[in-house]
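Asker: Only the shape, not the letters, is given here:
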């Protein structure tokens, strides 16, 4: 559906701005009026990572007058494969500051506002209220639902994107004119069911594909050009090089934007999404060891069986000495249980401790009462025991 422009045009463009944006100005659907609207727009990017990188760069190049960046993390070397707004020289720097410098390098006429803090229920309304449009580049469900609910409560449109391996999705959620994220996904998936990009990986260039769609939609919403992805979900398969669309209808029973909403204020989104299931939390209580404890058991020849529950590709990057690989899914299907020894203590580990806690719950229910898992996973092991090994 066509929508009216989101923002009013700025009073004028300078001579330098006219030169800079000339290729926009000669497009009839953008023109001087559309470019003035971009200049007057205030857009917030949630995250300066995989999706935030291309989004911020193209929003800056397009001439969006004010860009906000919500980001609390630091640049890590593993980011550089896809987070193109950062460089080798930025490793260890604040992502927000690194992104700001890149944005200003692209377009010095952009006003950049940094919010160097984790987006949470106690600050999201204040931050979002300063902007016309939100671009969501987050990679976890708790923050996605937080962004959605805050936008609905503030009546703000936002452009959403998601990436995983070779697959991407994008849409525009605006409860005044169509569905919200909860209309599409009323409930988050069970904890551990959907791997994160850190666990499953992502093709670096996929970020550019989805990020550019997000910026295209942002420009269309801001200027009132074309038909934004309101009520439509764009799905991209990079392996098959196929795009397809799915219509998304507004759910009259939606918990936040429906006719009788039950979510009328922000909630505890970590609890709502169950970052770690209750079963996993209960199993890990009293059955979590540190990497140093594991090293002591290995050195003293304790009767233990170390099981790595990650995937083969992760195992090939880095592993704990003596660990046997049995991916988490084999435990969930029950096929791994018969291969476990009965005369040794089972020690589980994954990358950080989330997946191994979920598998620990499976083992406890199957009768392996003395099984434990390694808090911090292989990352904790490398940091504390073998810092010369790579991490990912």
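Answerer: That came through, no problem. The model shown is predicted, which means the values in this text are computed figures rather than measured ones.
Asker: and stretch 92-110, which residues are buried?
Answerer: 94-103, 107, 109-110 (16 or more other CB atoms under 10 Å). From N, CA and C alone the C-beta is placed, and that goes for glycine too.
Asker: Take these and keep only those in helices.
Answerer: Among the buried residues of stretch 92-110, the residues falling in helices (DSSP state H) are 95-103.
Asker: Surely residue 109 is in contact with residue 63?
Answerer: Yes - assessed by CB atoms under 8 Å, residue 109 is found in contact with residue 63 at 7.2 Å.
Asker: distance of the closest residue to residue 372 other than its chain neighbours from residue 377?
Answerer: Closest residue to residue 372 apart from its sequence neighbours, by CB to CB, 6 or more residues apart in numbering: residue 287 at 4.7 Å. Counting by CB to CB, to the nearest Å, the gap from residue 287 to residue 377 is 15 Å.
Asker: Between those two, which has more neighbouring residues?
Answerer: residue 377 (24 against 19; other CB atoms under 10 Å).
Asker: Now do the SS call for residue 175.
Answerer: Secondary structure for residue 175, judged by DSSP: H, G, I helix; E, B strand; the rest coil, is coil.
Asker: do the same with residue 249
Answerer: Relying on three-state DSSP, one would call residue 249 coil.
Asker: Spatially nearest residue to it (excluding sequence neighbours)?
Answerer: Distances taken as CB to CB, 6+ apart put residue 179 closest to residue 249, at 6.3 Å, once the chain neighbours are dropped.
Asker: so after the helix or strand of the chain with the lowest mean pLDDT, what's the next helix or strand?
Answerer: Lowest on mean pLDDT, DSSP states H and E among the helices and strands of the chain sits helix 197-200, with a mean of 70. Next helix or strand after helix 197-200 toward the C-terminus (DSSP states H and E): helix 204-223.
Asker: Give me the helices and strands touching the helix or strand that that next one is followed by, please.
Answerer: Toward the C-terminus, helix 204-223 is succeeded by strand 232-237 as the next helix or strand (DSSP H and E). Judged by 3 or more CB pairs under 8 Å, 6 or more residues apart in numbering; DSSP states H and E, strand 232-237 is in contact with strand 167-173, helix 204-223, strand 242-247.
Asker: follow-up on the earlier one: may I see the ones in helices among the buried residues of stretch 92-110 organised as JSON lines, with pLDDT added?
Answerer: Formatted as JSON lines, these follow (pLDDT from 0 to 100):
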{"residue": "95", "pLDDT": "98"}
{"residue": "96", "pLDDT": "98"}
{"residue": "97", "pLDDT": "98"}
{"residue": "98", "pLDDT": "98"}
{"residue": "99", "pLDDT": "98"}
{"residue": "100", "pLDDT": "98"}
{"residue": "101", "pLDDT": "98"}
{"residue": "102", "pLDDT": "98"}
{"residue": "103", "pLDDT": "98"}
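Asker: out of those residues, who's nearest residue 37?
Answerer: residue 103 (19.3 Å; CB to CB).
Asker: surely the closest one meets residue 114?
Answerer: No - Residue 103 lies out of contact with residue 114 (CB under 8 Å); the separation is 10.4 Å.
Asker: In which helix or strand does the residue nearest to residue 249 reside?
Answerer: Per DSSP H and E: nothing holds residue 179, as it lies in no helix or strand.
Asker: Next, count neighbours for it.
Answerer: For residue 179, the count of nearby residues is 23 (other CB under 10 Å).
Asker: Kindly report the same for the one 3 residues further on.
Answerer: Close neighbours of residue 182, defined as other CB under 10 Å, add up to 23.
Asker: secondary structure element for it?
Answerer: Per DSSP H and E, residue 182 falls inside helix 181-184.
Asker: now do residue 58
Answerer: helix 52-62.
Asker: next one: residue 18
Answerer: In this assignment (DSSP H and E), residue 18 forms part of helix 15-20.
Asker: For that helix, what does the pLDDT average out to?
Answerer: Mean pLDDT, helix 15-20: 97.
Asker: Measure how far it is from the centre of its chain, please.
Answerer: Helix 15-20 has its C-alpha centroid displaced from the chain centroid by 35 Å (CA atoms, centre = their mean, to the nearest Å).
Asker: likewise stretch 139-146?
Answerer: With CA atoms, centre = their mean, you get 7 Å for stretch 139-146.
Asker: what residues does that stretch touch?
Answerer: 46-47, 49-50, 119-121, 124, 136, 138, 160, 163, 181-182, 188-189, 194, 196-197, 266, 269-270, 272-273, 275 (CB atoms under 8 Å, 6 or more residues apart in numbering).
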